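[1] Below are the sequence and a predicted model for it; my questions follow.
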Protein chains: 2
Amino acid sequence: MAMAPSVTPVQTIEHLTIKTPAKCFEKMGNLKLKDGDKIERVLATFRVLIADLCEQFNGGHPGSAMGMAAIGLALFKYTMKFSPSNAQFFNRDRFLLSNGHTCLFQYTFLHLLGYKNMTWEQLKTYHSDHYDSFCPGHPEIEHEGIEVTTGPLGQGVANAVGLAMATKHLGARYNRPSYPVVNNTTFCILGDACLQEGVALEAIQLAGHWKLNNLVLIYDNNQITCDGTVDLCNTEDVNKKMEACGFDVIDIEDGCFDVYGIAEALIKARASTEKPTFINIRTIIGIGSRRAGDALAHGVNFGAEDVGNIKRCFGMDADAHFIISDETYEFFREVKPRGIKLEEDWNAMVKEYATKYPDVYEEFQARVEGRMTADWTQLIPKKEDFPTAPTASRKSAGAVCNPLASGLQNMMVGTADLSPSVNMIWKGKVDFQHPDLKTGCGINGDYTGRYIHWGIREHAMASISNGLAAFSKGTILPATSSFFMFYIYAAPGIRMGALQRLQQIHIATHDSIGTGEDGPTHQPVELANLYRAMPNLLYIRPADSEETAGAFITALNAKNTPSMISLSRQVLPQYPQHSSRDGVQRGAYVFIDEPAADVTLIGVGAEMKFAVDTRRVLAAKYNIKARVVSFPCQRVFDKQPVDYRRKVLAWDSKLPRVVIEAYSPQGWERYADAGYSMHRFGHSLPGAVAYKYFGFDEEVIAPRVVEIVELVRKHGIESIRGEFRDLNETRQQGHYEY
Amino acid sequence: MAMAPSVTPVQTIEHLTIKTPAKCFEKMGNLKLKDGDKIERVLATFRVLIADLCEQFNGGHPGSAMGMAAIGLALFKYTMKFSPSNAQFFNRDRFLLSNGHTCLFQYTFLHLLGYKNMTWEQLKTYHSDHYDSFCPGHPEIEHEGIEVTTGPLGQGVANAVGLAMATKHLGARYNRPSYPVVNNTTFCILGDACLQEGVALEAIQLAGHWKLNNLVLIYDNNQITCDGTVDLCNTEDVNKKMEACGFDVIDIEDGCFDVYGIAEALIKARASTEKPTFINIRTIIGIGSRRAGDALAHGVNFGAEDVGNIKRCFGMDADAHFIISDETYEFFREVKPRGIKLEEDWNAMVKEYATKYPDVYEEFQARVEGRMTADWTQLIPKKEDFPTAPTASRKSAGAVCNPLASGLQNMMVGTADLSPSVNMIWKGKVDFQHPDLKTGCGINGDYTGRYIHWGIREHAMASISNGLAAFSKGTILPATSSFFMFYIYAAPGIRMGALQRLQQIHIATHDSIGTGEDGPTHQPVELANLYRAMPNLLYIRPADSEETAGAFITALNAKNTPSMISLSRQVLPQYPQHSSRDGVQRGAYVFIDEPAADVTLIGVGAEMKFAVDTRRVLAAKYNIKARVVSFPCQRVFDKQPVDYRRKVLAWDSKLPRVVIEAYSPQGWERYADAGYSMHRFGHSLPGAVAYKYFGFDEEVIAPRVVEIVELVRKHGIESIRGEFRDLNETRQQGHYEY
């Protein structure tokens, strides 16, 4: 029988009894550690090295990295289960640095622990002009040993919650008695700033709610931010607050030297059976420097003289630079073989598990390798499966996504408290909840559940989902859902997902002014501009059910980037004779062809109706022939060969192109000569009335298109190109007033 | 001597001793109130009316509005100091509905209290197709009696903190012994959702830190959100958490009927001398309905049958609709004259104050009227005042803004913990802090202070600033500051400021990839697309100090909208012979003219350098003549007459136009034929190196411009118009990969 791997515990460390001195340098100079000389020297070496590295490039963030040294020793030498030889070991403990600017802390430990890419030469590229440095200014997921990209504060805390959720979920699904194939712990260091950012505060509520006892938040409590001491802007009782949020709290008074105490706390936190743990560790920023405990130690190098002070303070040679003693390397030498052993034990366990539980193993192995757990192409409804009656595309999305979610064990679908609106509930769904929770509404769940009630926390939803997706490539495919407008709250998290190329599907319902009565606070008119401009992200607006199927197919195929599918609240006509899932996968396509067309109308998503109806009015009233292009995704279209793009936009025919979309038009100028758009915020009216109020009405649009066609007939296409025309003037005056 | 006005306290209300029944309808049917028959009938009338109004239009959010009825009685009849005859009475207590979807609660009270615009006919337009309804789906600032627009959850809490800050600040500055000219209280109702949104959690930390004892947060604790009971996603100990954040906490068990208890708590909260107050009031959503206490009572009407149930439950005629008894109107009759008296007393006090303190009165009066407190045009440095040596535009912004902040008493300037980076500290600045606070870094302050340490809370910074700006038009001009990238955290708040047309200045430093080493997490490439598309907002990117002056002048003149001034971290060349503050105020202008030009280069902000240097290379190496246009603000340019716009862009000369900006190009296609842009996220390198890495280098740009010029020479301008060309291919591959 395989055993869960275990790490040598902390008893080998002698307790460091000397307390940290007060935060002035003078007292620090008198510091004499009674015991643990080796630890003392390793800490000193680490701290001095950080100061040297920042000095070299005249910048960087040395202070906190130095302050946190003892935390690093406690974590990497005495607590965590991981394997420097294989950074991707599936069941490794995860480590995140939410205060990402202290990245030199992590890079230096990666070097000392023997990660192969983090050579001494690489470590010295921090803040340099080396194009291919593995030591960017904030940790980046692309590099060995980095779990997630951090930097924007608070994000790492949310990511850590996602990683801890992933473990709980996978463990609940795949662990069997004596075979804990997924039981790792997530450790996250955070700074004072992370405890101020809303996204972390949201994520903390959820971690407490879900009782993620495999999550350890390590607070580098140095009480310093850029502006000065934290009490300039925060005087809350943080421990009490964390307890109120459902965390166990441990205090460490002497976080600069008490390696033993920290390791003890970390190991206790990992063994915790009930709650996540918050370890509040008092440290001193820039310890050893004359700027110790001061904001000046945060974001700049110390200057040569003060680096000398630091070295003297720690009993090192003030004139020697970049010294890493053999003793220091030796100190960490055991970690690598221990990691190899861990992995060997795990592999052996999984091998036995495969024999004993072949069915569950097969699925588990697919998860480990990031393969889909079922043939998803068969799960997507066919065109003929969709009703032809007008259907809200949020309903269509449910029809497409729910069979996927039901059939694919790697999908985890959640909503920011809009279950009744976003239609993402599939038959038999189980909520991701702590198994002991009994809710007032009788909807309980357990950790095997794959439906997530994020609460009204769009930002945490996106950022925690990044953590879920980052657990191991392809193991979990998170789908989030909310009103499109409220993805503005989630934008920082969405961006981090796009930056990290984490596959996810964001299901954004109630797009455009068609959302109606809820009014301008709920009617996105400008948000698509952000997501269309955001690198990597695919923002897809399907026009009907068939196109919605195409949108999901596109998103599922996009293994290296998130997608956002933008859907209507209101019912939309269905165009089975025109719409095409294959077309969506090319970004844009000819929706209604017209051999002798006078104009191309570009219809988009929920406003396709206006393009099709305007075409009808143009023909009937004005004897003008229009072809219609459907344009669900600009980024996908940009990827098509130029011939295809020109064909779709009838480039050779020199037709005027008019895009009709109830959004700000920026960006459409690349594909169209004129736009019927929104130039102001919306208005609280029933959806159909809101459209009419702003002139979205084929009878109003058609004559404006006629003007363009006549201009072109009279003066040629050249007369209108190069100066995009805004055709919609109906109640758009807001655009020009300030 | 004038006295602070006072309101008749609550002793006239008899205590309602009957406890709310459990949340099922059957028990409710047996409810018999022992006392306070009148209150009982008014509550019933109110609740039934809400149900009727939603039923009429087959939608809306009735449940919470009904649950909160008793809170409304306690607030508007027994606690608040305000004047329905003059919604703008300067020293009125402010009321905000952070759970804005319950707006019918507020609209109905506005009607019962006698606000002149909220006629019975108007009240019935809720959720109707009336174009000019005063009852939109969420409260909107444009309408009488509404302090701020709410709806996006959590925002109202932050706005309330801003309003309470405004009072503290104005009071500290202008109150004199016996003359409390500004001493109002801010009351904010919030729902379960608001306590999950990060922006509210950030704002709550700050309210506690600042000890805003004039802030009362009223928690409509109905434990229901869209998805079901709150325990699906939140099981924290909220009272303990609020205490940890520095609030006094009061519990009300029977929030549906205990008008006396609620009023007592509210009045106690207003009298509080130390801390802000959190009143946790247990209510029942949809009380009286068969859906009482259920998520089904949240966002839809009840249906005719259940509306009948509600009426029967409260002892009213099930067949009568829209009944407001005389007794109900009578119940609120005293509020209006009381408000008039309040205002008369205040006016009398201010009159005496004017005599006694003429100097301070003059300034106070300017604040009340929303006038600038000094001639700001004189405070802006002249062109010749700026150094000609290369200067970071964040430094230029300091040079422009600090004299303004120093001289204008209505400016409040703050930063999201980036004081050392954003350069917004003026000589003699005082921090806005509780006067008893003694910080560890010795930077103390008091409520007269106008420099705000927001902490690392960009979202709260923007949303609280909306509250500051909304106190009374022009009374406070908030200026926020942070790295441009982190205004993505603030986006929901920025949007609400733009929607409400609140004048503010957002100072966004470290724009574009020039930010450097911090890497892609800190290098905005797509965020400008959001802010350029966002209605009303002016996103301004100045190229040098003179243009920075122009940006501030534009922002100060924009009385009805916020501006965002986007600035460089790195030093920029100064162009005193070309740059023009007047030009900035037209959005774009000719920077370097060239009579026989071959091409127009559009330079923007920190990347102006590349336009100017490319022009030089084009002339020297390729014998191509370029004119340069500076284009700091698209929205301002769009406002210019077409003749001006065409002249700037050399429309008649049919020159190719190439924009050079290290951002995603979407939106530039309207003004340019080609762009040298970014199509992917940035890279961690020193700023100048990062530019080079991505091909921002005049030697690389020039030949690409030559290609365009030659195309035009060969095939005419028409050959390149209508299909925007991306000229920058240097390491841009990310654009097309997914």
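    Nice, thanks for sending it over.

[2] Measure how buried residue A:325 is and give me the count.
    Neighbours of residue A:325 under the rule other C-beta atoms under 10 Å in any protein chain shown: 13. Bear in mind the C-beta positions are built from the backbone N, C-alpha and C, glycine included.

[3] and it, what is it in contact with?
    Contact partners of residue A:325, counting by C-beta atoms under 8 Å, 6 or more residues apart in numbering or on different chains, are A:41, A:45.

[4] So for the residue of chain A found nearest chain B, what's the pLDDT?
    Chain A approaches chain B most closely through residue A:198 (1.9 Å), counting by C-beta to the nearest C-beta. As predicted, residue A:198 sits at a pLDDT of 98.

[5] Excluding chain neighbours, give the residue nearest to residue A:469 in space.
    In space, and not counting its chain neighbours, residue A:469 is closest to residue A:502: 3.9 Å by C-beta to C-beta, 6 or more residues apart in numbering or on different chains.

[6] and the one you found, how many residues sit next to it?
    Residues near residue A:502, counting by other C-beta under 10 Å: 25.

[7] Next, residue A:212: secondary structure please.
    Using DSSP: H, G, I helix; E, B strand; the rest coil, the structure places residue A:212 in coil.

[8] Next one, pLDDT for the residue lying closest to it once chain neighbours are set aside please.
    Leaving aside its sequence neighbours, residue A:212 sits nearest to residue A:164 (C-beta to C-beta, 6+ apart; 4.4 Å). At residue A:164, the model reports a pLDDT of 98.

[9] now do residue A:716
    Residue A:716 is given a pLDDT of 95.

[10] got it, and residue A:598?
    For residue A:598, the pLDDT comes out at 98.

[11] what sits against it?
    Counting by C-beta under 8 Å, 6+ apart, residue A:598 has contacts A:618, A:624, A:625, A:626, A:655, A:709, A:713.

[12] Most neighbours out of the residues you listed, which is it?
    residue A:626 (25 neighbours).

[13] which ones are touching the residue lying closest to it once chain neighbours are set aside?
    Excluding the flanking residues, the one nearest residue A:626 by C-beta to C-beta, 6+ apart is residue A:615, at 4.2 Å. Counting by C-beta under 8 Å, 6+ apart, residue A:615 makes contact with A:592, A:601, A:626, A:628.

[14] And the helix or strand hosting residue A:615, what's buried?
    Assigned by DSSP states H and E, residue A:615 belongs to helix A:608-622. Buried positions in helix A:608-622, judged by neighbour count with 16 or more other C-beta atoms under 10 Å in any protein chain shown: A:608, A:609, A:610, A:611, A:612, A:613, A:614, A:615, A:617, A:618, A:622.

[15] which residues sit in contact with the residue lying closest to the residue of chain A closest to chain B once chain neighbours are set aside?
    Spatially, and ignoring its direct neighbours in sequence, residue A:198 is nearest to residue B:198 (1.9 Å; C-beta to C-beta, 6+ apart). Residues near residue B:198 by C-beta under 8 Å, 6+ apart: A:197, A:198, A:199, A:200, A:201, A:202, A:457, A:459, A:460, A:489, B:154, B:459.

[16] Name the nearest of these relative to residue A:217.
    Set against residue A:217, the nearest of those by C-beta to C-beta is residue A:200 (9.0 Å).
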